[in-house]
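In: Have a look at this prediction, sequence included:
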Amino acid sequence: MPGGDVGWIAAMSSAPALPKLGASACVWRAGRVLIVQRGKPPLAGIWSLPGGAVEPGETAMAAAARELAEETGVTAALERLVDLVDIIRYGADGSLAFHYAVACYTGLWTSGEPVPASDALDARFAEISELDGLKMTEGTPAIIRRARELLGA
């Protein structure tokens, strides 16, 4: 193996594991969208879509379905990728605090009533007209509207 390759491999092994992959679910039932109110910092009290980290060996779509069920007790037929959203935050000193790339999938509700899990304060199906009156994570209302267009929900 050439010396340059060894240096590159050593540099990669000491680099932070960023970005991290996440997945979320934009679920529709009777024209309403499922949203959750976050219960943990840094986004406690803010409304968003259910989602979380993709585990090693898991597809992003499977992670979205798993997180949906874990956070809300709801299942859905996720069928389309809506968007891949980068969430990047920097610390006060300008250093990278975190970077997530979140794959958002959309589909129709199949079962379950929304019940917030331990990491959520609330979970419910909401009318699109309600979104503007809620404090939501950045970009979430636009993702929800795009998902509705893609599904024709």
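Out: That came through, no problem. Residues are numbered from 1 along each chain as shown.
In: could you pull out the helices for this structure?
Out: With DSSP state H, the ranges of helices along the chain come out as 3-14, 60-72, 140-151.
In: And the contacts of the second one?
Out: This points to helix 60-72. 21-25, 27, 34, 36, 50-55, 58, 74-76, 78, 81, 103-105, 112, 114-117, 119-120, 123 (CB atoms under 8 Å, 6 or more residues apart in numbering). Placement of C-beta: from N, CA and C, glycine included.
In: Show me which of these are buried.
Out: 21-25, 27, 34, 36, 50-52, 54, 74-76, 78, 81, 103-105, 114, 116, 120, 123 (16 or more other CB atoms under 10 Å).
In: so how far is Ala92 from the spatially most central residue of the chain?
Out: Among the residues of the chain, the one closest to the centroid is Ser24, at 3.1 Å (CA atoms, centre = their mean). Going from Ser24 to Ala92 by CB to CB, to the nearest Å gives 28 Å.
In: swap in Gly22?
Out: 24 Å.
In: Okay, the spatially closest residue to Ser24 that is not a sequence neighbour and Glu67: tell me how far apart.
Out: Closest residue in space to Ser24, ignoring its immediate chain neighbours: Gly51 at 2.9 Å, by CB to CB, 6 or more residues apart in numbering. According to CB to CB, Gly51 stands 5 Å off from Glu67.
In: Likewise for Arg32?
Out: As judged by CB to CB, Arg32 and Glu67 stand 19 Å apart.
In: what's the answer for Thr106, then?
Out: According to CB to CB, Thr106 and Glu67 sit 14 Å apart.
In: again, but for Pro41
Out: From Pro41 to Glu67 the distance is 18 Å (CB to CB).
In: go on, His99?
Out: In terms of CB to CB, His99 sits 19 Å off from Glu67.
In: Local confidence estimate at Val102?
Out: We have a pLDDT of 95 for Val102.
In: can you tell me which residues contact the residue nearest to the centre of the chain?
Out: By CB under 8 Å, 6+ apart, the residues touching Ser24 are Ser48, Leu49, Pro50, Gly51, Gly52, Ala64, Glu67, Val102, Ala103, Cys104, Tyr105.
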